[in-house]
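[1] I would like the atomic coordinates for the input below:
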Amino acid sequence: MSPIEKVIINKDVNINPIWIMRQAGRYLPEFRKIREKNTNFVKLCLNQDLSTEITLQPLKRFDLDAAIIFSDILMLPYGLGQKVEFKKDFGPLLGELDISRISKINEVDFVEKTHHIYKAIKKVSSDPILNNKNTIGFVGAPWTLLVYMINQQSPKKKLKVNFPKNDFLINSTLLIIEKFLKIHIKNQINNGAQIIQIFDSWAGLVNERNLDEYIYKPTKKLVKATKSFKVPCICFPRNINNYKDYTNIVKPDVISIDYNINPNEIIKNINIPIQGGMDPKILLTSKRKLEKFTNFYLRIFEDHPYIFNLGHGVLPQTDPSMVQYLIKVVRKFNERSS
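    Numbering: from 1, shown residues only. Below is the predicted model of the structure:
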């Protein structure tokens, strides 16, 4: 049983495995080298050889407990035939959502466009470097994908004024998203993903009265679908105000917390294993500060099943030596605790 499985399944409190969101990415010079020659991000995600290589880069450099496949949550709308591109210094830009067209897409059409992702997962999971480590697959939560598909860009850039008012479009799109997310999860698991993480990046946009309809119910269906394969599910509902209700209703195996939440409040209210929390900006400071904040989280969750991670993805300007030091601090704490 891997360290992560010990925490999730056995609720082991004597070990704190570590992996990092966006651990394969722009802060690594070896990634930047590949990216310079491959400017189309979507094509890069769908290149199974390069995707495998990128996924394994941080494992070759650092003592991490899991590989998370190099891909993107927007491979779902891409698989449904919606135009998806990533513009430099802007982010994702999607084409107009044609609900009549995407409602005609079937599983064969979808897998035809996404099968390279599953092949990459198969290659990663069979690599010897993953011995006693886990391969993590992932999807975007229905709500977050809905936001991108209707809004056509990050809501951080601009949110369409009439976006939340079109009930027919929202509900029709949500049903399609849910259907194909289940297919996407199934194919990742069938090709070697041992854990699935659900990213709900824009959960914080939803009003309290709409949480059940747009966050809880759709995500709960995906968690249930993942668990039906006997695979653990981690949920990351970023900026959601009530982690306690979310955890009790959605029932993930692990809850991943963001850096805006007080970990002292989380420990009082959450009974399942916890992941993450530390602000990625701490990695941009000093080793002394990094050690202080890392130990702060480790001490708070000392008697609770806890996977060390950040409260969001590692930032592009991060020095890889700081990631190395972070892992060293976590390992040192575990040695002291054992």
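
[2] hey, where'd the strands end up in the stretch 51-200 of the chain?
    Using DSSP state E, counting those that start in this stretch, the strands of the stretch 51-200 of the chain run over residues 66-68, 84-87, 91-94, 134-140, 195-200.

[3] again with the stretch 201-338 of the chain
    For the stretch 201-338 of the chain, strands defined by DSSP E, counting those that start in this stretch occupy the ranges 233-237, 254-257, 274-276, 306-307.

[4] Let me have those strands in JSON lines, extended by mean pLDDT.
    Formatted as JSON lines, those follow (pLDDT from 0 to 100):
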{"stretch": "strand 233-237", "mean pLDDT": "98"}
{"stretch": "strand 254-257", "mean pLDDT": "98"}
{"stretch": "strand 274-276", "mean pLDDT": "98"}
{"stretch": "strand 306-307", "mean pLDDT": "98"}
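
[5] out of the ones you listed, which comes closest to residue 283?
    strand 274-276 (13.5 Å; C-beta to C-beta). Backbone N, C-alpha and C define where each C-beta goes, glycine included.

[6] same for the closest one, what does it pack against?
    strand 233-237, strand 254-257, strand 306-307 (3 or more C-beta pairs under 8 Å, 6 or more residues apart in numbering; DSSP states H and E).

[7] repeat that with 6 Å
    Counting contacts by 3 or more C-beta pairs under 6 Å, 6 or more residues apart in numbering; DSSP states H and E, strand 274-276 is packed against strand 254-257.

[8] partner strands of the strand it packs on, parallel or antiparallel?
    As defined by DSSP bridges, the strand partners of strand 254-257 come to strand 233-237 (parallel), strand 274-276 (parallel).

[9] so can I have CSV of the ones you listed showing distance to residue 314 and mean neighbour count?
    CSV is the format used below for those (distance: least, C-beta to C-beta, whole Å; neighbours: other C-beta atoms under 10 Å):
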stretch, distance to residue 314, mean neighbour count
strand 233-237, 14, 27
strand 274-276, 12, 26
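
[10] where in the stretch 1-150 of the chain is pLDDT low?
    Scanning the stretch 1-150 of the chain for pLDDT under 70 picks out nothing.

[11] show me what contacts the residue lying closest to residue 226 once chain neighbours are set aside?
    Spatially, and ignoring its direct neighbours in sequence, residue 226 is nearest to residue 233 (4.2 Å; C-beta to C-beta, 6 or more residues apart in numbering). Listed by C-beta atoms under 6 Å, 6 or more residues apart in numbering, the contact partners of residue 233 are 196, 223, 226, 252-253.

[12] Can you name the element that comes right after the helix or strand hosting residue 4?
    If you go by DSSP states H and E, residue 4 is part of helix 3-10. Later in the chain than helix 3-10, the nearest helix or strand by DSSP H and E is helix 29-37.

[13] Pull out the buried residues from that following helix.
    31, 34-35 (16 or more other C-beta atoms under 10 Å).

[14] between the residues you listed, which is nearest residue 116?
    Nearest to residue 116 among the buried residues of helix 29-37 is residue 34, at 15.8 Å by C-beta to C-beta.

[15] related to what we said a few turns ago, generate CSV for the strands of the stretch 201-338 of the chain, with distance to residue 86 as supplementary columns.
    Formatted as CSV, the strands of the stretch 201-338 of the chain follow (distance: least, C-beta to C-beta, whole Å):
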stretch, distance to residue 86
strand 233-237, 21
strand 254-257, 24
strand 274-276, 25
strand 306-307, 29
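
[16] For residue 65, find the nearest of those.
    It's strand 306-307; of those, that one is closest to residue 65 (C-beta to C-beta) at 8.0 Å.

[17] ok, residues contacting the closest one?
    7, 16-17, 274-275.

[18] quick one: which of the strands of the stretch 201-338 of the chain is nearest residue 219?
    The nearest among these, by C-beta to C-beta, is strand 233-237 at 6.6 Å.

[19] Please save the CA atoms from that closest one in PDB.
    Extracted C-alpha coordinates of strand 233-237, given in PDB (Å, rounded to 0.1, in the frame of the first residue of the first chain):
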ATOM      1  CA  CYS A 233     -11.800  10.600  -4.900                       C
ATOM      2  CA  ILE A 234     -10.300  13.900  -3.800                       C
ATOM      3  CA  CYS A 235     -12.400  17.100  -4.100                       C
ATOM      4  CA  PHE A 236     -11.000  20.600  -4.300                       C
ATOM      5  CA  PRO A 237     -13.900  23.100  -4.100                       C
END
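
[20] now the angle from that strand to strand 195-200?
    Using axes from the mean of the first three to the mean of the last three C-alpha atoms, to 10 degrees, the direction of strand 233-237 lies 20 degrees away from that of strand 195-200.

[21] How far off centre is strand 233-237?
    8 Å (C-alpha atoms, centre = their mean, to the nearest Å).

[22] can you check stretch 21-33 too?
    In this view, stretch 21-33 has its centroid 16 Å away from the chain centroid, taken as C-alpha atoms, centre = their mean.
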